[in-house]
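Asker: Using only what follows, build the 3D model:
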Amino acid sequence: MLESIVDRTLRTVNDADAYAAAQRVAEISTQRRLHDDALVEHLIRQKAQQTGGVGAATSAAALIPGFGSVAAFTVGVVTDVGVTLRLQSELVLEIAAARGRTLTPSEARNALLVVTGLNMGAERLINQASRKLAERTAERFAGRALIKAIPFVGIAISAGANILMTYIIGRRADAYFHVGPEAVGNWGDSLRAVTGVDERKLVGWLGNVMTDFGRLFVGGAQRVGRATQNAARRAGDAVAAQLGRRPRHKDE
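Answerer: Now for the predicted structure:
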């Protein structure tokens, strides 16, 4: 199922997706008066925090009474991968638009394959790095009641992995469109480049995601249940759209 989601996501990129991405970028550029590097940075931060929220929500599904750890592992993982990959694909197209590149569907698919391509070694490195991000974020926000109110580290690792992966994809996409495919390099090099200032920045992004998530969580089990159901519905619609089915609800 996971392979099917990845395959369909990459194969269904079309002119409409590129056009929608260009429209979003134009609106952001106009509204926030951002251009060039500042615009790309905003796009990466926006998508990184969105995918971090998806990771936190799907990881927390195991905490919902009646949902269960097995369902959280299966449904949660599929939802996480499907929605996260879709958001990351949108980011690649948005960065192309921000750099003034107009892509055919074929060019877009090739760019996505180069930019988002993962191997098991890279995944292990990302998992290790996301745990460090979670631990450092926990240290930074340890005094906040919102963070103490949730099982922070486990959820933050999932959110941090998505943030880190999305950040790297954004940087690889910018190198691809700004310099050329030869500037992308391999995933190991890309991950090792995320140190120092960038790492501290990602800790801040993860802190924002966990604080927002904490506000939902501490509102009570019923409130969390409703919020998670809504998030799951939106995520399910997104995955259904990837698989060629009509969503039951309009995205919010």
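Asker: all strands of the stretch 151-252 of the chain, in order?
Answerer: Assigned by DSSP state E, counting those that start in this stretch, the stretch 151-252 of the chain shows no strands.
Asker: any weak-confidence spans in it?
Answerer: Low-confidence segments of the stretch 151-252 of the chain (pLDDT under 70): 151-152, 195-196, 216-252.
Asker: can you pull out the helices in it?
Answerer: 152-178, 187-192, 197-217, 221-242 (DSSP state H, counting those that start in this stretch).
Asker: Can you name every helix or strand that the shortest one contacts?
Answerer: With contacts defined as 3 or more CB pairs under 8 Å, 6 or more residues apart in numbering; DSSP states H and E, the secondary structure elements packing on helix 187-192 are helix 120-140, helix 152-178. C-beta here means a position set from N, CA and C on the backbone, and glycine is covered the same way.
Asker: now the shortest one: mean pLDDT?
Answerer: Predicted confidence along helix 120-140 averages 71 (mean pLDDT).
Asker: Next, the angle helix 152-178 makes with that helix.
Answerer: 120 degrees (axes from the mean of the first three to the mean of the last three CA atoms, to 10 degrees).
Asker: Using CSV, write out the CA atom coordinates for helix 120-140.
Answerer: This file holds the C-alpha atoms of helix 120-140, laid out as CSV (Å, rounded to 0.1, in the frame of the first residue of the first chain):
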residue,chain,number,x,y,z
MET,A,120,17.3,2.9,3.7
GLY,A,121,20.6,4.3,4.9
ALA,A,122,19.2,7.9,4.6
GLU,A,123,16.0,6.8,6.5
ARG,A,124,18.1,5.5,9.4
LEU,A,125,20.1,8.7,9.5
ILE,A,126,16.9,10.8,9.5
ASN,A,127,15.4,8.7,12.3
GLN,A,128,18.5,9.2,14.4
ALA,A,129,18.7,12.9,13.7
SER,A,130,15.0,13.4,14.4
ARG,A,131,15.4,11.8,17.9
LYS,A,132,18.2,14.3,18.6
LEU,A,133,15.9,17.1,17.4
ALA,A,134,13.1,15.9,19.7
GLU,A,135,15.5,15.6,22.7
ARG,A,136,16.9,19.1,22.1
THR,A,137,13.4,20.5,21.6
ALA,A,138,12.3,18.9,24.8
GLU,A,139,15.1,20.5,26.7
ARG,A,140,14.3,23.9,25.2
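Asker: what packs against it?
Answerer: Using 3+ CB pairs under 8 Å, 6+ apart as the test, helix 120-140 ends up in contact with helix 152-178, helix 187-192, helix 197-217.
Asker: Which one of the ones you listed lies nearest to residue 89?
Answerer: Closest approach to residue 89 among these (CB to CB): helix 152-178, 9.0 Å.
Asker: which other helices and strands contact the closest one?
Answerer: helix 36-60, helix 77-98, helix 105-116, helix 120-140, helix 187-192, helix 197-217.
Asker: Kindly reformat these as CSV containing mean neighbour count and distance to residue 173.
Answerer: Output for these, formatted as CSV (neighbours: other CB atoms under 10 Å; distance: least, CB to CB, whole Å):
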stretch, mean neighbour count, distance to residue 173
helix 36-60, 22, 9
helix 77-98, 24, 4
helix 105-116, 18, 5
helix 120-140, 16, 16
helix 187-192, 16, 11
helix 197-217, 19, 16
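Asker: Mind putting these into TSV with distance to residue 155?
Answerer: Below are the helices and strands packed on helix 152-178 laid out as TSV (distance: least, CB to CB, whole Å):
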stretch	distance to residue 155
helix 36-60	5
helix 77-98	12
helix 105-116	24
helix 120-140	8
helix 187-192	22
helix 197-217	7
